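S.K.: 3D model of this:
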Amino acid sequence: MIQFLLISYSPQNVLQYSLLMSKKMFGEIAVNYHMDLNLSTINPNQVLFDSTADSFGNIILIASDESSKFEMFLWNNMSNTLDLITTDSFNSSQNLQKSSFAFVKDSDFIVQIFTDDLNDLNIQLWSFEFNQNIFRIDQIGDPINILENIANDVFDDFTIAAIQDPGDDQFIHFLTSFSVQQKINATIGTISKTGELIKITPSTTVTFGSSPKFSVISFQSQIFVVLTNENGTCHQNEHKNKDANIQLCDQEPEPTVNLLNYASGLLETWREYLTGETNILNVCGDQIIVGEYDMGKNSISELILDQENNDIIFIEIHDGLTESIDSNCGAASSYSGVILDGFRIPFANI
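M.R.: Model prediction:
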């Protein structure tokens with residue numbers, strides 16, 4: 001049985017959450033529980049969210065807006081409700097313009113990414129402690145500038161994922177992604193738990209599309225990474241494959257409306273790719289594996305560990321398309337509801 005806590009929102013200051021269940025790794029999902037929750041302090045038109053489980057198994061969820069205000073909730077397994085713990089703000093800079101965040105996997109830290117009034121991109125590390133319904137958050141060090149002079153008016157969206165180093169728990173690896181005019185850029189860096197930047201790759205265009213998101217997981221002392229995005233590239237399509245004037249690996253990628261992409265590889269492989277003489281990701285690479293897995297909108301994905309089979313599984317949910325469409329990557333059937341996709345993710349040289 002696979003369960004999801006799905007969060008969405010409406011413009012009436014209402015956070016809508018549902019407990020979704022499925023007996024399969026792909027297909028339709030049953031809504032087991034649904035409830036609305038009023039938001040009191042944050043902008044419902046800009047809600048971002050992430051969740052984690054603490055050392056006691058409590059599921060903690062933060063809903064935040066782009067101004068960095070947040071409300072923290074505790075998932076109650078007995079009543080299937082989200083109970084408000086506290087309201088606060090990731091107020092790391094007076095010049096903050098737009099903010100996003102993520103829990104650092106395998107640790108009690110949060111990493112924040114934000115733009116400032118100079119259109120620079122910055123990260124900030126926070127520690128958090130939750131004990132007997134008391135929540136405390138502390139800023140670690142000062143904001144770190146990782147990218148300068150971004151054109152904020154064309155800066156569509158940016159996200160961050162982070163994980164503690166499995167070999168040395170004093171270090172945290174972070175992965176940022178953002179899209180500018182249908183080009184998806186990525187950066188990978190490492191910071192210490194005292195808030196010092198250790199190393200960072202250049203910001204590099206890796207593919208085409210929108211709404212990029214990194215997912216990370218630690219397994220057998222290695223960190224596995226998957227980048228997903230919407231409106232992605234059809235790496236294999238009949239029209240281009242039959243074009244005798246251009247080889248498969250030389251094809252110019254083009255965004256395809258509603259196409260969902262993935263790209264998978266080890267953290268260090270991604271770091272080497274972003275540091276070297278990179279090209280746009282394609283099916284001819286032997287280190288980062290790319291592909292398409294579905295069509296739809298509002299994708300949410302995660303990597304989970306299959307303890308029984310000692311393997312990594314990619315799990316994703318998205319809104320189906322209300323109308324059947326045909327594209328250069330095939331036809332998608334219409335489905336008005338939430339769809340679950342899941343498969344064992346391929347990684348090169350594992």
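
S.K.: Straight-line length of stretch 204-215, end to end?
M.R.: Stretch 204-215 has its terminal residues 18 Å apart, counting by C-alpha to C-alpha, to the nearest Å.

S.K.: And stretch 42-61, by the same measure?
M.R.: Stretch 42-61 has an end-to-end distance of 14 Å (C-alpha to C-alpha).

S.K.: quick check: domain ranges of the chain?
M.R.: Structural domains annotated on the chain: 1-81, 90-165+180-200, 202-350, as defined by automatic domain parsing.

S.K.: Make CSV from those domains and add distance to residue 173 and mean pLDDT to it.
M.R.: Any C-beta I mention is one placed from the backbone N, CA and C, and that applies to glycine too. Formatted as CSV, these follow (distance: least, C-beta to C-beta, whole Å; pLDDT from 0 to 100):
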stretch, distance to residue 173, mean pLDDT
domain 1-81, 16, 68
domain 90-165+180-200, 5, 86
domain 202-350, 6, 85
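
S.K.: I'd like those written out as TSV, with mean neighbour count added.
M.R.: What follows is the domains of the chain, written out as TSV (neighbours: other C-beta atoms under 10 Å):
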stretch	mean neighbour count
domain 1-81	16
domain 90-165+180-200	18
domain 202-350	17
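
S.K.: can you map out the helices along the stretch 201-350 of the chain?
M.R.: Using DSSP state H, counting those that start in this stretch, the helices of the stretch 201-350 of the chain run over residues 238-241, 267-275.

S.K.: Report the contact partners of residue 329.
M.R.: 234, 236-237, 256, 259, 292, 295 (C-beta atoms under 8 Å, 6 or more residues apart in numbering).

S.K.: coming back round to it: nearest to residue 43, of the helices of the stretch 201-350 of the chain?
M.R.: Residue 43 lies closest, by C-beta to C-beta, to one member of the helices of the stretch 201-350 of the chain: helix 267-275, at 32.7 Å.

S.K.: so how far is residue 299 from residue 215?
M.R.: 11 Å (C-beta to C-beta, to the nearest Å).

S.K.: Are there residues contacting both of the two? Which ones?
M.R.: residue 228.

S.K.: circling back to that earlier point, could the domains of the chain go into CSV alongside distance to residue 172?
M.R.: Converted to CSV, the domains of the chain look like this (distance: least, C-beta to C-beta, whole Å):
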stretch, distance to residue 172
domain 1-81, 14
domain 90-165+180-200, 5
domain 202-350, 11
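
S.K.: between the ones you listed, which one is nearest to residue 174?
M.R.: Closest among the domains of the chain, once you apply C-beta to C-beta, is domain 90-165+180-200, at 4.3 Å.

S.K.: gap between that closest one and the chain center?
M.R.: Put simply, domain 90-165+180-200 sits 13 Å off its chain's centre (C-alpha atoms, centre = their mean, to the nearest Å).

S.K.: and if you look at stretch 186-201?
M.R.: On the basis of C-alpha atoms, centre = their mean, stretch 186-201 sits 18 Å off its chain's mean C-alpha point.

S.K.: again, but for stretch 318-335
M.R.: The answer for stretch 318-335 is 23 Å, by C-alpha atoms, centre = their mean.
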